[in-house]
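Participant: one predicted model, sequence on top.
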Amino acid sequence: MLQRDYTTSQLDVLEAEAIHIMREVAAEFERPCLLFSGGKDSIVMLRIAEKAFWPAPIPFPLMHVDTGHNFDEVIEFRDRRSAELGARLIVASVQDSIDQGRVVEETGRRASRNRLQTTTLLDAIEEHAFDAVFGGARRDEEKARAKERVFSFRDEFGQWDPKNQRPELWNLYNARIRKGEHIRVFPLSNWTELDVWDYIRREGIEIPSIYFAHTRKVFERDGMLLPDADVVQRGDDEPLFEAVVRYRTVGDMTCTGAVQSTAATVEEIIEEIAATRITERGATRADDRSSEAAMEDRKREGYF
Amino acid sequence: MDILRFATAGSVDDGKSTLIGRLLFDSKAIFEDQLEAVERTSRDRGTEYTDLSLLTDGLRAEREQGITIDVAYRYFATPRRKFIIADTPGHIQYTRNMVTGASTADLAIILIDARKGVLEQSRRHAFLTSLLRVPHLVLAVNKMDLVDYSEERFEEIREEFSAFASKLNVGDLTFIPISALNGDNVVSRSENMPWYLGTSLLHHLENVHIASDRNLTDVRFPVQYVIRPQRATDHAFHDYRGYAGQVAGGVLKPGDEVVHLPSGLTTRISSIDTYDGPVEEAFAPMSVTLRFEDDIDISRGDMIARPNNQPQAAQELEAMVCWMTDIRKLTPRSKLTIKHTTRTARALVRDLHYRLDVNTLHRDEEATSLSLNEIGRVSLRVTQPLFVDDYSRNRLTGGFILIDEATNSTVGAGMILDAS
């Protein structure tokens, strides 16, 4: 008899690791929640959660930090998907934070609610007394994230201290915290953008329509294509034009750029990404372009 | 396509960043915007060449101080394999990072500058690689272009390093002469070293056989989470009771007789469940849910094994411990929290037998404590039995972490010896 070769494919290894991480959290924390934005990474994370606890329902609520500047298609998807799963969805609203005077809206052409989200997120974590918060961030996205732990400790101010992280060995995760502190947990840490898309294809997972090529009115700013929308302030020197585009990442309309693309299926998207020479955040996120350490600074304050 | 996790050790001077940069660049894992950012920063600083270490040194303090603080994880893929690099700093202060990176690595690459030969640092990296039982080690002799691609020099280094490695537990050792800067023997075979008959580094990484490095012999299933879907809308699952976990060793099949620890009761596996349906066998690193024929009281932290092949149920442990904090020292009588597989308990340090000098392998039996980045042999007493194997037999059931009870920091990593 031939010796069986127990090779495991990369997606199976990554899935098994992510399931293990989710079960650790469910076992060791009192009040976890999963950040669900309707973006592809959080959609994959949600599928992993379904798998980790099947046939039981997902044992924690979902939470979305809604800037009020999200794409309609994504909000619709978010609500429908949570309802299908029978999951409890908490929407933490940046508008509420503004109305309550917790944060002040930025003004001007480049005004964005991106940074304001941090306050809303931390307030919601405190209000609901969440002790573990799942995020869909990946280490290949950005160089500050490349050094972040799977279980990433946050102090009572929600801050991340990159120079003082807990060592993480084998598959052993330290879940110990004091009251008021929490852990951000990143089950997709070791996935790349291409892994996420390969997984979406393999699992046949539905994603919001804006990931696929469509015709949209856009204008150009700093080499990025921003959408025509009420919440995006466009100058007279920034003319609108129609283009066939799709989104590689899904965030705020004010700072998420579209890419010109005709990829209309997951297969075509995978082909496109395999050939691309620009990172997803570099291509599409104004928030990361502001400085060399833009992501590190926001993360230190408690950002996703 | 499978995954190879490898750790790299060495300092910037050894050309480690250049090597990683080349692997990433040649496999198209570095993107234009990343390269432009690095080129811009290199220019701003007045560096003449494009400093590829800027790709991995992501934190502000690292760029300011020109050092690497922490383990950075990088990703690339070829048509054959996906690779995860744990890039660990080579500086002496950061032994804990090397230990962290090596704990999950299938392979380690140690870089040596051909002009300098085997240094204290190279010995330290080799020792840590063997202590963490990384199954495959590659000694990349770099900067061969600066020694005229000399076979003689390469052989000298090979002999010196082999002599040292023979004192260690190194499973599979491969020597490759390279020039990371010029690309010799990195992705393809170099024409500058016709005397070298081996493969290029990338070819080795793509082809080294790792599937059998996992323990497929000793069935070990640490119970992680009990799944009882009482709220399930589907009544078919009303009485469902499954035990979820990630296989740590062996191959499990439905019908297999198994033993539950700590009770010692035996039963049979009735089903191995996943969301995608039942499976016919489960092995590491699969995450599955087991159901059993008999109703046994099973909870998180318990272990499933085979009646004739069980781990040791131990409350007295002998272990090598790497100390990872400067907030306190490890001393006899220290009390700590220990996490081993899915079981957490309290541990008392009964004895520190010796502190090991990682450069000379000298055992200092007079030592009374372990400080940050020091390694020593200790005896521990644990409040409840842990189901352990020798670390050399199974890294997942032989490794543990120690947590400081005052700060909740992870302060130590341990590898179990002489499980008995």
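Facilitator: All right, it came through fine.

Participant: check the secondary structure at A:S112 for me.
Facilitator: Under DSSP: H, G, I helix; E, B strand; the rest coil, A:S112 falls in the coil class.

Participant: nearest spatial neighbour of it, chain-adjacent residues omitted?
Facilitator: Spatial nearest neighbour of A:S112, excluding adjacent residues (CB to CB, 6 or more residues apart in numbering or on different chains): A:T254 at 4.4 Å. All C-beta spots, glycine's among them, are computed from the backbone N, C-alpha and C.

Participant: got it, and B:H136?
Facilitator: B:L107 (4.0 Å).

Participant: could you measure from that neighbour over to B:R381?
Facilitator: 36 Å (CB to CB, to the nearest Å).

Participant: higher neighbour count, these two?
Facilitator: Remark: of B:L107 and B:R381, B:L107 carries more neighbours, 24 against 14, as counted by other CB atoms under 10 Å in any protein chain shown.

Participant: quick check: beta-bridge partners of that one?
Facilitator: In this entry, B:L107 is beta-bridged to B:F6, B:H136, by DSSP bridges.

Participant: equivalent analysis for the one 4 residues further on, please.
Facilitator: Beta bridges link B:L111 to B:A140, judged by DSSP bridges.

Participant: got a list of what B:M324 touches?
Facilitator: Neighbouring residues of B:M324 by CB atoms under 8 Å, 6 or more residues apart in numbering or on different chains: A:P167, B:R96, B:V99, B:L372, B:N373, B:T410, B:V411, B:G412, B:A413.

Participant: local confidence estimate at A:F241?
Facilitator: pLDDT for A:F241: 92.

Participant: could you measure it against A:A263, distance?
Facilitator: Distance from A:F241 to A:A263, counting by CB to CB: 20 Å.

Participant: look at these two and report which has more neighbours.
Facilitator: More crowded of A:F241 and A:A263, by other CB under 10 Å: A:A263, with 19 against 11.

Participant: among the contacts of B:M324, which lie within helices?
Facilitator: Among the contacts of B:M324, the residues falling in helices (DSSP state H) are B:R96, B:V99.

Participant: so what's the residue positioned nearest the centre of chain B closest to, chain neighbours aside?
Facilitator: Taking CA atoms, centre = their mean, the centroid of chain B lies closest to B:S103, which sits 2.0 Å from it. Closest residue to B:S103 apart from its sequence neighbours, by CB to CB, 6+ apart: A:L169 at 4.0 Å.

Participant: again with B:R377
Facilitator: B:H353 (4.3 Å).

Participant: correct me, but that neighbour touches B:G376?
Facilitator: Yes. Using CB atoms under 8 Å, B:H353 is in contact with B:G376, at 7.2 Å.

Participant: with neighbour numbers in mind, choose between the two.
Facilitator: Between B:H353 and B:G376, counted using other CB under 10 Å, the more crowded position is B:G376 (20 against 14).

Participant: what number of residues lie near the closest residue to chain B within the stretch 101-250 of chain A?
Facilitator: Residue nearest to chain B within the stretch 101-250 of chain A: A:K143 (2.9 Å; CB to the nearest CB). Applying other CB under 10 Å, we find 24 residues neighbouring A:K143.

Participant: so which strand or helix has it?
Facilitator: Counting by DSSP states H and E, there is no helix or strand that carries A:K143.

Participant: where do the helices of the chain begin and end?
Facilitator: This is for chain A. A:10-28, A:40-53, A:72-85, A:94-99, A:117-127, A:193-203, A:266-275, A:280-284, A:294-301.

Participant: meant chain B actually
Facilitator: B:16-26, B:32-44, B:53-56, B:60-65, B:95-103, B:120-131, B:151-165, B:201-207, B:395-398.

Participant: okay if I get those as CSV plus distance to B:Q310 and mean pLDDT?
Facilitator: As requested, the helices of chain B are exported to CSV (distance: least, CB to CB, whole Å; pLDDT from 0 to 100):
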stretch, distance to B:Q310, mean pLDDT
helix B:16-26, 42, 83
helix B:32-44, 50, 73
helix B:53-56, 43, 64
helix B:60-65, 46, 63
helix B:95-103, 25, 89
helix B:120-131, 26, 89
helix B:151-165, 34, 95
helix B:201-207, 36, 96
helix B:395-398, 11, 97
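
Participant: looking at the helices of chain A, which one has the lowest mean pLDDT?
Facilitator: Looking at those, the bottom one is helix A:280-284 with a mean of 66.

Participant: chain A - how does it break down into domains?
Facilitator: Structural domains annotated on chain A: A:10-195+A:293-301, A:209-288, as defined by automatic domain parsing.

Participant: thinking B:G250 is in contact with B:R306, fair?
Facilitator: Yes. With contacts counted by CB under 8 Å, B:G250 reaches B:R306, the gap being 7.3 Å.

Participant: more neighbours: which of the two?
Facilitator: Between B:G250 and B:R306, counted using other CB under 10 Å, B:G250 has the larger neighbour count: 22 against 17.

Participant: now that one. Its backbone dihedrals?
Facilitator: phi 80, psi -180 (degrees, to the nearest 10).

Participant: look up the closest residue to it, ignoring the ones flanking it.
Facilitator: Nearest to B:G250 is B:V219, by CB to CB, 6+ apart, at 3.2 Å.

Participant: burial count for the one you found?
Facilitator: 26.

Participant: distance between the ends of stretch A:119-135?
Facilitator: Start-to-end span of stretch A:119-135 (CA to CA, to the nearest Å) is 16 Å.

Participant: give the buried residues for stretch B:207-218.
Facilitator: Residues of stretch B:207-218 classed as buried: B:V208, B:I210, B:D213, B:R214, B:N215, B:L216, B:D218 (neighbour count, 16 or more other CB atoms under 10 Å in any protein chain shown).

Participant: of those, which ones also sit close to chain A?
Facilitator: B:R214, B:L216 (CB under 8 Å from any CB of the partner chain).

Participant: nearest to chain A among the buried residues of stretch B:207-218?
Facilitator: Chain A has its nearest neighbour among the buried residues of stretch B:207-218 in B:L216, at 6.0 Å by CB to the nearest CB.
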